[in-house]
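# model this:
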Amino acid sequence: MAAEATRLGRTYEIIVADDGSTDGTYEAATALAPQIPLTAVRLSRNFGKEQAMCAGLSRSTGAAVVIMDADLQEPVSTLEDMLARYDEGYEVVFAVRAHRQDEGTIKRFLTRGFYKLLTMGSECPIPENARDYRVMDRKVADALLSLPERNKFMKGLFSWVGFRSCAVPIELKPRHSGHSKFGFRRLFRLALTGLTSFTDWPLRIWTVIGLGIAGLSIAYSFWIVLKTLIWGVDVPGFATITTAVFFLGGLQIMSIGVIGEYLSRVFAEVKQRPGYIVAEEFRAGEAS
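Numbers count the residues shown, from 1 in each chain. So this is what the prediction gives:
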């Protein structure tokens, strides 16, 4: 990154946010300090990549900010094109995956479904396949940092703050080393955060379901009365009643679970704990 910024003739600083890793990232970053203007911040534990991004953004001072993952999958060479678009007047230039052919069918299906669900009730469309890798104007970074919420879904917040934006397609490279620790469990939690932060249709849909069941119940009641008047009273089936009870009970538990997810987000916000805690910070050199 430093070599690319120098080649492009840009004044730069590099900020490394270590999200409580155990692979010596912080030590390796500080060892580079004599050579480049670098700030390294190590969080006290793993708070998630959303909070790590905020820790890095809060320490940036440049007129423009570039966010990039540390796995080196995003080619640094695309930075020239992105900065050129920024110079054209765009305040946000973000990367999008050109394709997902390197992923499994199930993951592609789930990802597409998630974005459709997220866009369904969102006030601001979130581009599918958008990466966190982006160039942002200073005022965009400041707008993001001004948002007080603790359960952050950055892809949604990037879209919510607005500003003039454009996308640049990129081809991802294989990871430079190691393997991703962002497994299905953490992806699922992030998806829940996104849905509960930017949509309210999971709550509203239960009103529709309730009205639908009530309507069917009224119609069925009329049918039972009519059937009784015409053909007399028959013995109701135990299996039918049992199925109906379990079905309605399952719907009620599901609706309570959805409400619980939203309440848990509210509870986390009310506690007003900081999004992250800094264990150690190192700053060396000036922007060059």
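# tell me the mean pLDDT for stretch 19-33?
On average, the pLDDT along stretch 19-33 is 78.
# give me the residues contacting it.
16, 18, 38, 40, 42-49, 51-52, 70, 178, 279-280, 282, 284-285 (C-beta atoms under 8 Å, 6 or more residues apart in numbering). Where C-beta positions appear, they are placed from N, C-alpha and C, glycine not excepted.
# narrow the residues you listed to just the buried residues.
With burial judged by 16 or more other C-beta atoms under 10 Å, the buried subset of those is 16, 18, 38, 40, 42-43, 46-49, 51-52, 70.
# of the residues you listed, closest to G212?
G212 lies nearest to G48 out of these, by C-beta to C-beta, at 37.6 Å.
# against F188, how distant is the closest one?
13 Å (C-beta to C-beta, to the nearest Å).
# returning to that earlier point: just the ones in helices from the buried ones among the contacts of stretch 19-33, please.
K49, Q51, A52 (DSSP state H).
# ok, the last one touching Y276?
By that I understand A52. Yes. The pair A52 / Y276 is scored as a contact, 7.3 Å apart, by C-beta atoms under 8 Å.
# okay, the buried ones among the contacts of stretch 19-33 in TSV with distance to K152 next?
Output for the buried ones among the contacts of stretch 19-33, formatted as TSV (distance: C-beta to C-beta, whole Å):
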residue	distance to K152
V16	20
D18	18
L38	25
A40	22
R42	19
L43	14
N46	15
F47	10
G48	8
K49	10
Q51	7
A52	11
A70	19
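# widest-spaced pair of the residues you listed?
The distance between the two most remote of these (C-beta to C-beta) is 23.0 Å, for L38 and G48.
# how is this protein partitioned into domains?
Taking automatic domain parsing as the criterion, the chain consists of the domains 2-186+274-284, 201-271.
# for L192, which of these is the nearest?
Nearest to L192 among these is domain 201-271; the distance by C-beta to C-beta comes to 6.2 Å.
# quick one: buried residues of the single longest helix found in the chain?
Counting residues, the longest helix found in the chain (DSSP H) is helix 238-271. Buried residues in helix 238-271, counted by 16+ other C-beta under 10 Å: S255, R265.
# and the next element down the chain from that helix?
strand 278-284 (DSSP states H and E).
# quick one, phi/psi of the nearest residue to G62 once chain neighbours are set aside?
Using C-beta to C-beta, 6 or more residues apart in numbering and skipping the chain neighbours, the partner closest in space to G62 is E13 (6.3 Å). Dihedral pair for E13: phi -140, psi 150, per degrees, to the nearest 10.
# burial count for E13?
As a burial measure, E13 scores 20 neighbours (other C-beta atoms under 10 Å).
# excluding covalently adjacent residues, which one is nearest to W206?
Spatial nearest neighbour of W206, excluding adjacent residues (C-beta to C-beta, 6+ apart): S255 at 4.5 Å.
# partners of P169 in the sheet?
Counting by DSSP bridges, P169 is bridged to V96.
# list the contacts of it.
Contacts of P169 by C-beta under 8 Å, 6+ apart are A95, V96, R97, A98.
# roughly how far does it sit from A98?
P169 sits 4 Å away from A98, going by C-beta to C-beta.
# can you map out the helices along the protein?
Going by DSSP H, the chain shows helices at 2-7, 25-31, 49-58, 79-87, 105-120, 138-145, 154-160, 184-198, 201-231, 238-271.
# would you list those in TSV and tack on distance to K173?
Output for these, formatted as TSV (distance: least, C-beta to C-beta, whole Å):
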stretch	distance to K173
helix 2-7	15
helix 25-31	19
helix 49-58	19
helix 79-87	14
helix 105-120	18
helix 138-145	26
helix 154-160	21
helix 184-198	21
helix 201-231	36
helix 238-271	35
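# looking at those, spot the one closest to V66.
Taking C-beta to C-beta, helix 79-87 is the member of those nearest to V66, at 6.8 Å.
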